[in-house]
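**Q** got a predicted structure here, sequence first:
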Amino acid sequence: MPQAVSTSFPKLDVPIDIHTFCENLLHDEGVLLVPGDAFDTPGHVRLGYCAPGATLKEGLKRLSKYMHQYD
C-alpha cells in the first residue's frame, strides 16, 4: 500500500480559463500544471511532486509569485 502520493489537485480561484492560466504560467514562469478537467476536476490543477526538493520549492515559489497578479 502506498505511503504517500506524488500529485495533488488544488483548486485555483483565478478569473481566467484554467487552460489559459496553465499555458500562461508555463510560458511566463516555466512552471507546468495540468488543467484538472483532464482528470474530472474542473477548476483545479494537477500539481506533481516528482521533482528534487529544490526544483519543487522553486516551482512553488514561482507559482505563488504568479498568483499574486490576481489578488
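**A** Thanks, I have the structure now. Computed from a predicted model, the values in this text were never measured in an experiment.

**Q** spatially central residue for this structure, please.
**A** residue 33 (3.9 Å; C-alpha atoms, centre = their mean).

**Q** for the closest residue to it other than its chain neighbours, give its distance to residue 34.
**A** Taking C-beta to C-beta, 6 or more residues apart in numbering, and ignoring the residues beside it in sequence, residue 33 has residue 45 as its nearest neighbour in space, at 4.1 Å. Using the backbone N, CA and C atoms, a C-beta is placed for each residue, glycine as well. From residue 45 across to residue 34, the span is 6 Å (C-beta to C-beta, to the nearest Å).

**Q** between these two, which contacts overlap?
**A** Residues touching both residue 45 and residue 34 comprise residue 22, with contact defined as C-beta atoms under 8 Å, 6 or more residues apart in numbering.

**Q** more neighbours: the two, which one.
**A** Between residue 45 and residue 34, residue 45 has the larger neighbour count (other C-beta atoms under 10 Å), namely 24 against 17.

**Q** hmm, residue 18 and that one touching each other?
**A** Yes - using C-beta atoms under 8 Å as the test, residue 45 is close enough to residue 18 to be in contact (6.7 Å).

**Q** helix or strand for residue 46, which one?
**A** Residue 46 belongs to strand 45-48 when elements are defined using DSSP states H and E.
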